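*Asks:* make a model of this:
(3 chains)
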Amino acid sequence: MAVSPLAPQSFQSRASEEVADREITEQMNDEVRHKYIKAKKLGEGTYAVVYLGHIRTDPTSFVAIKKIKVNTEYRDGLSMDAIREVKYLQELSHPNVIALHDVFSSKDQNLNLVLEYLPRGDLEMLIKDSDIHYGAADVKAWMGMLTRGIWFCHENFVLHRDIKPNNLLIASDGEVKLADFGLARSFADPYSNMTHQVITRWYRPPELLYGARQYSGAVDIWSVGMVFAELLLRVPFVAGNSDLDQITKICEAFGTPTEENWPGVSKLPNFIPADNNHTVPTQGREFFLRQFPTAGSVGADLLMSMCSLDPRKRSTAYQALQHSWWTAEPRPTNKEYLPRKSGGTRKMGDDLTRRGGELDDQFKNAARQLDFGSMKG
Amino acid sequence: MIEDDFYRTSSQFRLWSFTEESLRTVRQKTNSLASDRVRIALRRAREARQSANSSAAGTPNPNGSDADSKAGEEKDIECLTSEEEQDLVRYYCEQIIQLGESYKPPMPSIVRATAIQYLRRFYLTNSPMTYHPKTIMPCALFIATKTDNYYMSLRQFADGVPGDTTAEDIIAPEFLVMQSLRFTFDVRHPFRGLEGGIMELNAISQGLGEPAPHLPNQSAEDLRRAILSLPPPLNTPSPPSISDRLARAHHNTREILKSAAQMTDAYFLYTPSQIWLSALSLADAPLAQFYLDTKLPNPTESEHPLAQLRAKLLQTLSSCATLLQSYKPLGSDPEQKKAMRRIGKKLYHCQNPEKVNLAGQKRIPAAAAAAIASAAGNPSDTPTPDSEMERLAKKRKLEAEQQKAGNDIFGGDLVMERTRDRQA
Amino acid sequence: MPPSREALVNRGDEDEVCPVCKSSRYLNPDMRFLINPECYHKMCESCVDRIFSGGPANCPVAGCHKTLRKNRFRKQTFEDIHVEREVDIRRRVMTVLNRREEEFDSKLDWDNFLEQREEIIFNLVNRIDVAKTEADLQSYASENMRSIRANQALEAKEVSSFQERQNHEQELARLRRQAAKEEYENERKELLAGRENYLNNLAQGRAGDAAAIAQKVMLKKSSARRSEEERIRQKQAALRGTDAQKPAYPGAVTAEEGGSGLIKGLKKIKTPEPEKPYDPFGGMVPNKRDYYTLRDHYPSSYLDPIRQDTRMLAGGYDLQEYYSRTMLEAFAGLGCFIDEEVPKRQASSFNVMKPVATQGAALAAGSGSGSI
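*Replies:* Okay, the predicted model is just below:
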C-alpha cells in the first residue's frame, strides 16, 4: 500500500533544513497526510469525526477520512476499537469490505483513517424507508454481497462480531461493504477465551447471550441471518430490550434450546433453563416459509440454516454461499440497478462515528460495555 | 501457488519485507540522519547554556575552562554506528522476553514476539540515539498486549515493569511507536504454521496423510512408510518412536522460532513459512526434507514444473537457516556482553537531548491533562469543545501549562538533571 | 405380381385392418386410425380408448415395448407412415437446432450447419447411430436452452410481426408521399413570396442590388428545403430505428455456446457483455489449495480433548477453523521470494493493491500547505 516502504528517495524529497528537523517517520507520515485534502465534515460521534476528502492531485476521487478522537476516559492509550479496526482493515482487501487506503496522524496526535467513500448510505436506511420498494431479487443481491464479505473475513480468520444493517454501507455503484471493524478479532487459538460481550443485541446469537467464551464464525452467520430476516420483513426480527428479553424472544421465535436440539447448551456459563411449562418446539421449514414468504422455499431454507440455535448446525459462510438459492430464480439484481436512496453521505458520517455494538440514538441505552478484564484466559 | 497470495496481501509483505540491501540502506540512512541531528542538538544545547550563563552573569563566563572542555567534547562526539544500533536493539529485544516472562502468568510467547517485531520495525526508521530503547521497549510490549488480544490494564502492566517506570512513562511514546509502525499492527508469525506442519506430520505418521494437490499419486500408506524409515536427525541418538521424534522436532523448532527467529532479521527477509521450515531443518533435517518432498517434487528427479520452485526454495531455506544459526544469545556470550557495555556507554554520550523527555513533549495523557487543568484552577471541562479551532487553542493552552507544570515539578531541564544523576 | 395402382390407392380403405383388434374398415366404415410418435404403430381409435384410457401402457404391437400415453395419439397427416415419422423428427430437430444465419461467422459455416442438421435428421430417420445422436442433441439442448428459447421467441415474433411490418412500410410510403407533397407546397409558396419580395426589393432598392437580392432568395429557399429534408430523414431514421430493433439479434444469446461444441462457426459475441451465471463467490475459487489437502481431523493429544469438551462445543468452537488456519499459515508465502519480488515491486510504480494509493504516489514532494 501507499508509498513504497521506506524507499530511500522519499527521505530526500524535502529541503535539507526540514529534514534536519523532522523524524523520518514524521516525514513519511506527512507524505501520506499530504496526499489528501479534507473537505467538509460529514458527521461527528462520541468516537470519531468523519470528513469528506479527496486526493490532492485528483479532486474527483473522494475518500472518507475518519478521525478518531483521543478518548478522554481511556487512560490506556489508543482505544481497542481503533486498534482493531486499523489492524484488520490493513490486512483485508475485498470488494465487499470497506477499503482502508491509508492511515496517518494529524498534528495533535489524532488517528486519521482514509477510507473508501461510500455515499449511498447503509442497508438500515433502505429497510426503514417505506418509500423504497424492493423485492426478492434485490434482497438476494444484497445478501450475496454481505455473505461474500463475511466469507472473505472468515477465510482470513477474522471474526467481524458486529454485523447489522447500519454497518453495511453502500458504494456509489451499489456494492455492499462491511464496515466498522471495531469489534473484530482473529479466530481464537484452542483453549483461549474470547469475550461474549460483542455484537449488537438484536443480532447477537444465543451462544453469546449464554456467555460462551469459545466460539466460531457461526456468531457472524447468525447476525447475517438476522439481517436477512430484517431485509425480508423490514423490521428487526428479534428485538429484545435487554439481554434476557433477547434470549426469551429468540426462544419464542426459533424454539427453546434443550440438550436434545443443542447438546451441551446447559453447560454454557449463563444458560437459563427453560420453564418446563412454556417450551417452544424447534421451528421447522414451514415456519420459515410462513414467516418469510418473499424468500421462497429455497430462500427460507437458507435462512433457516443460518438461524440454527446450535452454532455447530448453523451453516458456515462457505456453505451458505454454496446454497442453491443464489442460482435459483430470480437472479440477483445487478448492483447498478438496486434501489437507492439519497442522503447517504451524511449517513456514512453517522455510521463511522458510532462505537462498536451501539445501536442508533434511540437505543443508546443498549450500548454495551466491553468486558476487557475478563478477556484474559 | 494460492496460499502464497494470502501472504502477499499482508501488511508484513507489503510494507515490512526487504532485501538485504534495501534493509541496509534504510538503516544507514536512519543512522546518518540521527547522527547529524544529535550533533546539531548537542551544539544547540551548549549554545543555549552559554547564552544563559552569559546573560545571567552579564560578563563572559568565569568558568571558561569548563566551556572549553565541553566544546572539545562535542567535537569528539562519536555516534553509534548502524551495527551498534542493531546490537543495542537486539539487546532490548531480549529484554522483552525477560519482561514478558516476569509477569504472572508469563505472557504468551506470541505477544512477546509481536512486541519484538514492533521494536525491530520501529528502529528501522528511528535511531536509539534519538529514542532510547529503554523507553520504547515497554511501550512496544504494551501495544502488543492490546493488538494480540492479551489485554491487561496499563496500571497492571506498569506494576510489572521493574524500576520506577510509571504508567505515563510507558504510554508516552505509544503514538510515536504506532506512527513508526505505519499503523500496521498485524505481525505474521511462524508459530501457527509450525503447529500446522507438525499436525500434518503426525497424521502422516499414523497413516492418515493426504496426497498434495500436485502430487496426486501419493498414498497414505506410502507416506507413512516413508516417514517411518527416515534416517535419524544428525548428531542425535535415534529417537525411540516417530511420535517422540516429532515431539522433539516440534519443541526444538519452537525454541528456535522464539529466539533466533526473533533476534535476527528473519522476519524482514523471509516469509513465516520459510522461517519455520528452515528452523525445522535445523532441528531435524531429514524430517524437513521429507516434508518438502511430500509437497514439491524433488528437483533432481523430476521434470515437474514445480521442481524449479523447489530448487529456488531450497536455496532460500538454506540461507534462512544460516541466518538463524548465526544467532548467539547474549547471556551465553561474554564477548557480546562486554561489547554491549561499551555501546551503552557510547550511547550515553550521543543521546539526543531534545528527545529524552517523551512524556513531556510528545503526549499529554488525558488524565494528566485534566488533572493539570483543574490544578491550574481551570474547572475540568473535558466535554467536546464546539469547534476544531477552539479545541486546538485549548490544547495548546494545556500544553503550555503542562510544560510549566513539568518544569515546576522536575525543576528544569531533564537531560541535565539526568546527566548529573548519572555522573554522581 | 405387384398390386395394381388402384389396389394401392384403395388399400387405405376397405381392406384396412387394425393390426391390434383385427377389425376392418369393411365392417366398420367409421373406423379411424391413430398413431403415437413414440413408435408410429397404427391402431384404431377404439383400441386406443380401450388400452390407454386407464393410463400409460405398453404398445400392444408384438415386440414393441414402448410405453405410450393416450394424449400423444393423433391422426396421421401423411399417408405414408415413414413420411409422417420423418416430418415429426425433422420438426423436433429443427426446434432444437434453430440457429439463424446471422449467428454464423460466414456463409460457409451456415451451410455446414444446415448440412449437419440434415445429417442428424437423416441418421435419426434411418436409425443410424441413434443413441449418440440423441445424446448430442440432448446435451446441446440443455447447454443452449437460452439461445434456443430466444430463437423460438424470435421466430414467433417474426411471424406475428409480418403484418405489422407491412403496415410500417405502408406508413413510410404515406409519409414519403406527404413529405413530397408538403415540400412541393412549400416550394411553391416560397416561390410566390420570393417573387413578391424580389419585386418589392427591386422596387425599393437600387438597380445594382438586384442580382444580390435574387441570389439571397435562392439561398433562403434551398436552406429551407434542406432543413425540411433533414426533418424527414430524421423521422424516417427514427421509424427505421424502432423497426430495426425487432429483428435485431439479441447478442447475448449465443454466449453460452456449449461445451459439446456440436455447432461450429458461431459468431463470438462482443457486445453487449454476456450475462454470466451468478457466482456467489464473486470470482474467487473457494477452498483451493496448492500445497496441501485439508483433512477433517488431525490426531493430536493437544487438540483432541476439545472434541469431547461439551462446553466449548456448545459455544460453537470449531476445530476445523483452527486446522484450516494452521495449515494455511504453514504454507502461505512459502513460494514468495522476497529477494526477487520486493525489488520488482519497488521498481514498478509503487503499488497496485489499492486504487487510491497509486494516484497519491505522484504527489511526492507536493508543495501543499497542510490543509489537513
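*Asks:* low-confidence ranges, the chain, go.
*Replies:* No chain was given, so I picked chain A. A:1-21, A:70-74, A:342-346, A:355-377 (pLDDT under 70).
*Asks:* try chain B instead
*Replies:* In chain B, residues with pLDDT under 70: B:54-76, B:299-304, B:356-424.
*Asks:* need the longest helix for it.
*Replies:* Ordering each helix of chain B by length in residues (DSSP state H) puts helix B:20-57 first.
*Asks:* same thing with chain C?
*Replies:* helix C:145-204.
*Asks:* please see if it touches chain A.
*Replies:* No. Helix C:145-204 stays clear of chain A (Cβ under 8 Å from any Cβ of the partner chain), getting no nearer than 12.1 Å. The C-beta positions use only the backbone N, C-alpha and C, and glycine is treated the same way.
*Asks:* and stretch A:213-231, is it in reach of chain C?
*Replies:* Yes. Under the criterion of Cβ under 8 Å from any Cβ, chain C is reached by stretch A:213-231 at A:R213, A:Q214, A:Y215, A:S216, A:G217, A:A218, A:V219.
*Asks:* just the buried residues of stretch A:276-286, please?
*Replies:* Residues of stretch A:276-286 classed as buried by neighbour count (16 or more other Cβ atoms under 10 Å in any protein chain shown): A:T282, A:Q283.
*Asks:* for it, how far is the first residue from the last?
*Replies:* Using Cα to Cα, to the nearest Å, the end-to-end distance of stretch A:276-286 comes to 24 Å.
*Asks:* leaving out chain neighbours, which residue sits closest to A:D173?
*Replies:* A:K335 (5.9 Å; Cβ to Cβ, 6 or more residues apart in numbering or on different chains).
*Asks:* the one you found and A:G144, how far apart?
*Replies:* 9 Å (Cβ to Cβ, to the nearest Å).
*Asks:* which residue of those two possesses the greater neighbour count?
*Replies:* A:G144 (24 against 17; other Cβ atoms under 10 Å in any protein chain shown).
*Asks:* residue ranges of the strands in chain C, please?
*Replies:* In chain C, the strands defined using DSSP state E lie at C:33-35, C:43-44, C:57-58, C:67-68, C:74-75.
*Asks:* direction included, what does the longest one pair against?
*Replies:* The pairing partners recorded for strand C:33-35 under DSSP bridges are strand C:43-44 (antiparallel), strand C:74-75 (antiparallel).
*Asks:* same check on the fourth one?
*Replies:* Pairing partners of strand C:67-68, with direction, according to DSSP bridges: strand C:57-58 (antiparallel).
*Asks:* now do the contacts for the residue nearest to A:D173.
*Replies:* By Cβ atoms under 8 Å, 6 or more residues apart in numbering or on different chains, the contact set of A:K335 is A:A141, A:M145, A:D173, A:G174, A:E175.
*Asks:* now tabulate these in CSV and tack on neighbour count.
*Replies:* Formatted as CSV, these follow (neighbours: other Cβ atoms under 10 Å in any protein chain shown):
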residue, neighbour count
A:A141, 24
A:M145, 25
A:D173, 11
A:G174, 19
A:E175, 19
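*Asks:* now residue 96, nearest residue through space, not along the chain?
*Replies:* Going with chain A. A:G149 (3.2 Å).
*Asks:* the chain in question should be chain C.
*Replies:* C:A141 (4.9 Å).
*Asks:* C:L154 is in contact with C:R100, correct?
*Replies:* Yes. C:R100 lies in contact with C:L154 (Cβ atoms under 8 Å); the separation is 7.4 Å.
*Asks:* and C:R11, what pLDDT?
*Replies:* Looking at C:R11, its pLDDT is 47.
*Asks:* got the CA coordinates for stretch B:181-191 in PDB?
*Replies:* Extracted in PDB, the C-alpha atoms of stretch B:181-191 (Å, rounded to 0.1, in the frame of the first residue of the first chain):
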ATOM      1  CA  LEU B 181       4.800   1.100  12.700                       C
ATOM      2  CA  ARG B 182       2.900   2.900   9.900                       C
ATOM      3  CA  PHE B 183      -0.200   1.800  11.800                       C
ATOM      4  CA  THR B 184       0.100  -1.800  10.800                       C
ATOM      5  CA  PHE B 185      -0.400  -4.000  13.800                       C
ATOM      6  CA  ASP B 186      -0.700  -7.400  12.300                       C
ATOM      7  CA  VAL B 187       2.500  -9.500  12.600                       C
ATOM      8  CA  ARG B 188       2.600 -12.800  10.800                       C
ATOM      9  CA  HIS B 189       4.400 -15.300  12.900                       C
ATOM     10  CA  PRO B 190       5.800 -18.700  12.000                       C
ATOM     11  CA  PHE B 191       4.400 -20.400  15.200                       C
END
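*Asks:* give me the contact status of it with chain A.
*Replies:* Yes. Stretch B:181-191 comes into contact with chain A (Cβ under 8 Å from any Cβ), by way of B:R182, B:F183, B:T184, B:F185, B:D186.
*Asks:* burial count for the fourth one?
*Replies:* Residues near B:F185, counting by other Cβ under 10 Å, number 23.
*Asks:* that one and B:Y151, how far apart?
*Replies:* In this view, B:F185 and B:Y151 are 14 Å apart by Cβ to Cβ.
*Asks:* please identify which helix or strand holds A:A39.
*Replies:* strand A:36-44 (DSSP states H and E).
*Asks:* any part of stretch B:312-324 near chain C?
*Replies:* Yes. Counting by Cβ under 8 Å from any Cβ, chain C has neighbours in stretch B:312-324: B:K312, B:L313, B:T316.
*Asks:* returning to that earlier point: packing partners of the longest helix of chain C?
*Replies:* For helix C:145-204, the packing partners by 3 or more Cβ pairs under 8 Å, 6 or more residues apart in numbering or on different chains; DSSP states H and E come out as helix C:81-96, helix C:210-245.
*Asks:* lowest average confidence across the ones you listed, which one?
*Replies:* helix C:210-245 (a mean of 51).
*Asks:* among the strands of chain C, which is the most enclosed?
*Replies:* strand C:43-44 (a mean of 23; mean count of other Cβ atoms under 10 Å in any protein chain shown).
*Asks:* who touches that one?
*Replies:* Residues outside strand C:43-44 that contact it (Cβ under 8 Å, 6+ apart): C:C18, C:P19, C:V20, C:C21, C:S23, C:M31, C:R32, C:F33, C:L34, C:P60, C:V61.
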